[in-house]
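**Student:** A structural model of the following input is requested.
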Amino acid sequence: WTSGAILMLRWLGLQPGDEVIVPAYTYSATAMAVLWAGGKPVMVDTTEDFNISVDAIKKAITTKTKAIIPVDIAGYPCDYEAIMDLVQAEETKKLFTPTSEVQKKLGRILVLSDSAHSIGAHYGNKRAGSETDVAIFSLHAVKNITTAEGGAICLNLPEPFDNAQLYKEL
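**Tutor:** Below is the predicted model of the structure:
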């Protein structure tokens, strides 16, 4: 998971000072991936189910926010509908200030879900990995499905991105 997150955050073009919102309750790799990719993790509170609080995300968004990394704690998906609605809202898009060509092309904050524990989970009628722009699974030895190490990146980027081409590039 960690290497996949660093790869995707570097692809996004994080610059020093760019912020990525992460939950305060998570494994250290979530925030460390942001640091290793050159960004600044901004930790926000969680709700009673230990998943990231959408209200806390909304309060933390600034002109420096480039991504949000919700974490599916124990495989229980976050409120992705509310998170995606938030980043696609006009008032949120007005705050977005891109610092890379990829960010300009997206035109809003990227949502990269930490789906490390949620292989096989569902969010409404969707499978885990299909709710956000990018989802990353872990195949570490302690996960539901393992290869001892490794992971998988799922791309669900909107047009004008070509997900098949991006897979080849990555």
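**Student:** C-alpha only now, for contacts and for neighbours.
**Tutor:** Noted.
**Student:** now the helices: where do they sit in the chain?
**Tutor:** 2-12, 28-36, 54-60, 80-88, 90-95, 101-106, 163-169 (DSSP state H).
**Student:** Name the residues that touch the fifth one?
**Tutor:** If I follow you right, that is helix 90-95. If you take C-alpha atoms under 8 Å, 6 or more residues apart in numbering as the criterion, helix 90-95 is touched by I61, T62, T63, L86, V87, G107, R108, I109.
**Student:** Report all helices and strands that the lowest-mean-pLDDT helix or strand in the chain contacts.
**Tutor:** Sorting the helices and strands of the chain by mean pLDDT, DSSP states H and E puts strand 122-123 at the bottom, at a mean of 74. Taking 3 or more C-alpha pairs under 8 Å, 6 or more residues apart in numbering; DSSP states H and E as contact, there are no helices or strands that strand 122-123 lies on.
**Student:** Quick one: distance of it to the chain centre.
**Tutor:** Relative to its parent chain, strand 122-123 has a centroid offset of 16 Å by C-alpha atoms, centre = their mean, to the nearest Å.
**Student:** Can you list the strands that it pairs with?
**Tutor:** Sheet pairing here is set by DSSP bridges, and for strand 122-123 it gives strand 126-127 (antiparallel).
**Student:** Centre of the chain to the strand it pairs with, how far?
**Tutor:** A distance of 16 Å separates the centroid of the chain from that of strand 126-127, by C-alpha atoms, centre = their mean.
**Student:** So what touches that strand?
**Tutor:** Residues from elsewhere that reach strand 126-127, judged by C-alpha under 8 Å, 6+ apart: G120, A121.
**Student:** pLDDT (mean, whole number) over it?
**Tutor:** Over the span of strand 126-127, the pLDDT mean works out to 78.
**Student:** what does stretch 27-38 give?
**Tutor:** Along stretch 27-38, the predicted local confidence has a mean pLDDT of 93.
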